[in-house]
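Asks: sequence and predicted structure below; questions after.
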Amino acid sequence: MQDNDWQPDAEIRVLRLRAGMNAGIRAFFAERGVLEVETPVLSHAATTDPNLDSFCSHYQGPGAPTDTPLYLHTSPEFPMKRLLAAGMGPIYQICKVFRNGEAGRFHNPEFTLLEWYRPGYTHRELMVEMQDLLQALGLLKGEEGIPMLSYAALFRTYANLDPHRDTVQTLHERARELAISVPDSMQNRLDEASRDAYLDLILTHHIEPALHATEFLFVYDYPASQAALARIRNDEIPVAERFELYCRGIELANGFHELTDAREQARRFARDLSLREARGQSIPPMDHRLIAALQAGIPPCAGVAVGLDRLCMILANVNHINATLTFSFNSA
C-alpha cells in the first residue's frame with residue numbers, strides 16, 4: 001500500500017463540478033414539478049436480468065428469519081413503480097446502485113443513477129425532456145437538437161445489416177468480416193446462437209467505437225426481444241419502445257415507454273429466470289411486489305435511467321470513470 005493510497009480518485013475540481021451537476025439536476029426537476037423520492041437500497045428481491053448480477057447480503061437480527069438474504073439494488077426502478085401505482089405522480093431519484101462483476105473504464109461495481117418517471121409520457125416525449133436536461137446542464141448549446149436514429153437505421157448505417165430480419169448466421173459471418181474479437185465474457189451467450197448476443201457483440205465492438213466522433217445520438221425502437229421493461233409496438237416488425245442516449249460512443253441513458261401489464265411482466269421475469277438457469281447462473285427471487293403494483297394499476301408512463309458518473313466524465317472531459325469518483329472500488 002502506497003503512502004498516498006488514502007487520496008480520492010477524482011481531482012477536487014471534478015468533485016466540485018459533480019456537486020454542481022447534481023444541484024443543476026435537482027433545480028431542473030424542481031422547476032418542472034417532479035418530486036425527488038428515496039427508496040430502499042436493500043431488497044428481498046433482485047434483478048432477474050440474465051446480463052446483470054446482484055450483490056447479496058444477509059440480515060441477522062429481530063424482525064425477520066435468521067440469515068435473511070437481501071439484495072443491493074441494480075436500479076431503483078421497481079420500488080419507484082410501486083410509488084407510481086400509489087399515485088405519487090412524476091418522480092425522480094439520484095441514488096447509488098450496485099452491479100456485481102462490472103469494472104473497467106466505464107464501469108464501477110457501485111455507481112450513481114439518475115432515474116425519473118413521467119406519467120402520461122411516451123418514450124419519444126421523454127427523449128425531448130432528456131435533451132432539455134442536457135441543455136440545462138450546459139452540454140447542449142441554445143436550441144441545438146440531438147440527432148435520432150432507429151436501431152434498424154443504426155445497424156444499416158454502421159454495419160450494413162438489418163437487425164430485425166438478418167439471420168443469426170448472417171450476423172455471425174458479418175461479425176467475422178468485421179474482425180471482431182469475442183471477449184470471454186460474451187462467449188457463453190454466443191454459444192447459445194442468440195440473435196441478440198450477436199447484435200450486442202456488433203453494437204458494442206464495432207458500432208459504438210464508430211460513434212466516437214458523434215457528440216450526442218438517440219437510438220430508439222429496439223428489437224422486441226430486447227424489450228426488457230418496455231412496451232412492444234406491433235408494427236409490421238414489432239419493436240420495443242425503448243431508447244438509449246450515446247455521447248461519443250458512450251451509453252449514457254436507457255429509457256422505456258414502460259410496460260404496465262402485470263401478466264406480461266411476470267412472463268418476462270419467468271423467461272429471464274429460465275435463461276439464467278440454462279446458463280448456470282444464480283436464480284434470484286423475482287419482485288412479486290412489483291407484479292402486485294402492476295396489477296393494482298400504474299398510469300401509462302415513460303422512464304429513463306442516466307449514469308451520472310458517465311455524464312460527469314463528459315462534463316469534466318476525463319476518460320475513465322474513476323476520475324469522477326471520490327473513491328473507486330479498489331480504493332474504497
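Replies: All right, it came through fine.
Asks: where does the most centrally placed residue in the chain land on pLDDT?
Replies: Taking CA atoms, centre = their mean as the criterion, residue 254 is the residue nearest the geometric centre of the chain, at 4.7 Å. Per-residue confidence at residue 254 stands at 97 (pLDDT).
Asks: mind checking the SS state of it?
Replies: Assigned state for residue 254: strand (three-state reduction, DSSP: H, G, I helix; E, B strand; the rest coil).
Asks: same thing with residue 63?
Replies: Per three-state DSSP, residue 63 ends up coil.
Asks: distance of it relative to residue 284?
Replies: 22 Å (CB to CB, to the nearest Å). Where you see a C-beta, it was placed from the backbone N, CA and C, and this is true even at glycine.
Asks: which of those two has more residues huddled nearby?
Replies: Neighbour count, other CB atoms under 10 Å: between residue 63 and residue 284, residue 284 has more, with 21 against 6.
Asks: so who does the closest residue to that one other than its chain neighbours touch?
Replies: The shortest distance from residue 284 to any non-neighbouring residue, by CB to CB, 6 or more residues apart in numbering, is to residue 46 (3.5 Å). Residue 46 makes contacts with 54, 56, 71, 74, 284, 285, as judged by CB atoms under 8 Å, 6 or more residues apart in numbering.
Asks: try 7 Å this time
Replies: By CB atoms under 7 Å, 6 or more residues apart in numbering, the residues touching residue 46 are 54, 71, 284, 285.
Asks: can you select the buried ones from those residues in PyMOL?
Replies: Of those, the buried ones go into a single PyMOL selection, burial set by 16 or more other CB atoms under 10 Å:
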select buried, resi 54+71+284
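Asks: for the contacts of residue 46, give me a markdown table that also has pLDDT.
Replies: Below are the contacts of residue 46 laid out as a markdown table (pLDDT from 0 to 100):
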| residue | pLDDT |
| --- | --- |
| 54 | 96 |
| 71 | 97 |
| 284 | 94 |
| 285 | 94 |
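Asks: determine which two of the contacts of residue 46 are furthest apart.
Replies: The distance between the two most remote of the contacts of residue 46 (CB to CB) is 10.3 Å, for 54 and 285.
Asks: could you identify the longest helix within the chain?
Replies: Criterion DSSP state H: the longest helix present in the chain is helix 12-31.
Asks: could you pull out the helices for the stretch 201-332 of the chain?
Replies: With DSSP state H, counting those that start in this stretch as the criterion, the stretch 201-332 of the chain has helices at 208-210, 262-279, 288-296, 308-316.
Asks: so which of those helices gets nearest residue 34?
Replies: Comparison of the helices of the stretch 201-332 of the chain against residue 34 by CB to CB identifies helix 308-316 as nearest, at 16.1 Å.
Asks: quick one: buried residues of the closest one?
Replies: Judged by neighbour count (16+ other CB under 10 Å), helix 308-316 contains these buried residues: 308, 309, 310, 311, 312, 313, 314, 315, 316.
Asks: could you do stretch 258-265 as well?
Replies: Judged by neighbour count using 16+ other CB under 10 Å, the buried positions of stretch 258-265 are 258, 259, 260, 262, 265.
Asks: contacts only, for the last one.
Replies: I take that to be residue 265. Counted by CB under 7 Å, 6+ apart, residue 265 has contacts 259, 291, 294.
Asks: can you list phi and psi of residue 133 for me?
Replies: For residue 133, the backbone dihedrals (degrees, to the nearest 10) come out as phi -60, psi -40.
Asks: wait, isn't it in contact with residue 26?
Replies: No - using CB atoms under 7 Å, residue 133 is not in contact with residue 26, being 11.4 Å away.
Asks: neighbour-wise, which of the two wins?
Replies: Neighbours per residue, other CB under 10 Å: of residue 133 and residue 26, the larger number sits with residue 133, 21 against 15.
Asks: tell me the contacts of that one?
Replies: Counting by CB under 7 Å, 6+ apart, residue 133 touches residue 28.
Asks: where are the low-confidence patches of the stretch 151-300 of the chain?
Replies: Applying pLDDT under 70 to the stretch 151-300 of the chain flags the ranges 184-193.
Asks: strands of that one, residue ranges please.
Replies: In the stretch 151-300 of the chain, the strands defined using DSSP state E, counting those that start in this stretch lie at 217-223, 232-233, 239-247, 250-257.
Asks: identify whichever of the ones you listed lies nearest to residue 83.
Replies: Evaluated over the strands of the stretch 151-300 of the chain, closeness to residue 83 peaks at strand 250-257, with 16.6 Å, by CB to CB.
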